[in-house]
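> Sequence and predicted structure are below.
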Amino acid sequence: MANKLMGVKEFEALKKRDKEYTVSAGDGLSIRILPSGNKIFQYRYKMPGDKYAKRLRLGSFPDMTLAKARESLSGYRAMVKSGIDPIEEKQEIIAKRRLEPTVNEAYEGYKKKYLFGHDKNGNPNLKAPGKQVEYFDRDVLPKIENWKITQVKGRHLVDILDNITNRGSHVSANRTLSAMKTFFSWCVGRKLISIDPSDGIKKKHVGGKEVSRKSYLSTDELKVFWKKVDNIPSSRQIILVIKILLLTGQRVSELVNATWNHIDFENRLWTVPEELSKNDEPNKVPLHDDTIRYFEELKMLAGNSRYVCQSPQVTDKEKPLLYWSVDKALRRMFEERLNKAGNRIDWKDDIIKFTVHDFRRTLATHLGNASVPPYVCEKILNHKMTGMMAVYNSAEYLTEKSEALLQWQEMIRQIRAESDNVISIHKTG
């Protein structure tokens, strides 16, 4: 009877009892029937030298049918025949999986050892690691942070990148892909994985070719901007950041990662240190009345945080505002929005779509049109000088920069004063 194979009708006839019991289904397959009625398939076997039989759980009904149990059983019987203990093999596989880190665990190691790490001379490995962290925090980790690093496949990464391009952020998709490639290459080097899942994914498959933007806000667009900037559906903090960026022409990452020791209210000066600067050169930015006022308001909002822009999402520790949240706030104003009275408050039909980076081009363009020398604009934007200027000219031009930024403030004040008479505009060059 022990070798008789149980049929489907016999299996279905098995009923629950007050106590758990086990019946043989033939060829080493047995079925445990629990008081709850659950039926569990087991493989009963002995290895050479074993005194007692072992039982390997195969699965439970209805997820596993009798036919699937027999199919699974055949593989385990072959293992036993070749001298491999299925239970020991399974335990070894489980132990190996436990040693494999999750994506989040691997990423924490990557941040510590590489992103925020230093070379043998004590120099940071990367100039602006915060940007890569933000790409992962925003789009990658929320999708796969709890997965085993070995489970991640190329198609999973493509899905993440497609979600980014579907919201219109093609450049961000390309930047996220670059961050992915650096991370998974590090994981290969650390022997956490043997194959890089991002290998073969190219920018042309994701965000496409990036074209240098030529846009800036015209005078009429600036009138619309200042008339409606306080209606941006975001925090007061982000609105202040946007105003400061327009008035100073600095990069958003330099502002959101700034700390209060970079802001000298007494001498009316903002110093961007080299570790936050894109070109590794510090930049002194003169501050005038309007910008000082906005910084003072940020100071009140920051509370005791050392960061000029303390993240509102983090209340238990100091952490800077995510730089992409600023661009996100601007993008929302290109969607049709109404106030409580039902009136349009967006600038969708009045301004060509722009990004926060376009403020730099806006400042340089308007100051250039006002006859401010190009080298002064370049110094304000902290661009590296080229040619012989780079060799012989290392002057700060602090006085010239201060005069130019004061002139820009007065131009903005005039634009704001005229913003009550805004006309609809069309695409500019």
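It's in.
> Show the contacting residues for T365.
Y216 (Cβ atoms under 8 Å, 6 or more residues apart in numbering). Where you see a C-beta, it was placed from the backbone N, CA and C, and this is true even at glycine.
> again, only this time at 10 Å
Contacts of T365 were listed using Cβ atoms under 10 Å, 6 or more residues apart in numbering, and they are 215-218, 358, 377.
> One more: W226?
Going by Cβ under 10 Å, 6+ apart, W226 touches 243, 246, 412-413, 415-419, 422.
> and those residues, which are buried?
243, 246, 412, 415-416, 419, 422 (16 or more other Cβ atoms under 10 Å).
> Can you tell me the SS state at K113?
helix (DSSP: H, G, I helix; E, B strand; the rest coil).
> actually A329, sorry about that
Once three-state DSSP is applied, A329 turns out helix.
> cool, and M47?
At M47, secondary structure determined by three-state DSSP is coil.
> and if you look at the one 3 residues further on?
Secondary structure of D50, reduced to three states by three-state DSSP: coil.
> do the same with K243
Assigned with three-state DSSP, K243 falls in the helix class.
> can you tell me how far it sits from R332?
With distances taken as Cβ to Cβ, to the nearest Å, K243 is found 17 Å from R332.
> now swap in G28 and tell me
G28 sits at a distance of 64 Å from R332 (criterion: Cβ to Cβ).
> So between the two, which is more surrounded?
Taking other Cβ atoms under 10 Å, G28 and R332 do not tie; G28 has more neighbours (20 against 13).
> Report pLDDT for I93.
Here, the pLDDT recorded for I93 equals 69.
> State the next helix or strand along the chain beyond the helix or strand of the chain with the lowest mean pLDDT.
Within the chain, no helix or strand scores below helix 387-392, which has a mean of 49 by mean pLDDT, DSSP states H and E. Counting by DSSP states H and E, the next helix or strand C-terminal to helix 387-392 is helix 398-418.
> Does anything pack onto that following helix? Which helices or strands?
Secondary-structure packing of helix 398-418 (3 or more Cβ pairs under 10 Å, 6 or more residues apart in numbering; DSSP states H and E): helix 219-228, helix 236-248, strand 283-286, helix 289-302, helix 358-369, helix 374-381.
> Just the C-alphas of that helix, formatted as CSV.
The C-alpha trace of helix 398-418 is given here as CSV (Å, rounded to 0.1, in the frame of the first residue of the first chain):
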residue,chain,number,x,y,z
LEU,A,398,33.6,92.0,-6.0
THR,A,399,32.8,95.7,-6.5
GLU,A,400,31.8,95.2,-10.1
LYS,A,401,29.7,92.2,-9.1
SER,A,402,28.0,94.1,-6.4
GLU,A,403,27.2,97.0,-8.7
ALA,A,404,25.8,94.6,-11.4
LEU,A,405,23.6,92.8,-8.9
LEU,A,406,22.3,96.1,-7.5
GLN,A,407,21.5,97.1,-11.0
TRP,A,408,19.7,93.8,-11.5
GLN,A,409,17.7,94.3,-8.3
GLU,A,410,16.6,97.8,-9.5
MET,A,411,15.6,96.3,-12.9
ILE,A,412,13.5,93.7,-11.1
ARG,A,413,11.9,96.3,-8.9
GLN,A,414,10.9,98.3,-12.0
ILE,A,415,9.5,95.1,-13.6
ARG,A,416,7.5,94.3,-10.4
ALA,A,417,6.1,97.9,-10.4
GLU,A,418,4.9,97.4,-13.9
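> Average pLDDT for that helix, rounded please.
Averaged over helix 398-418, pLDDT sits at 95.
> Now R32: which helix or strand?
strand 29-33.
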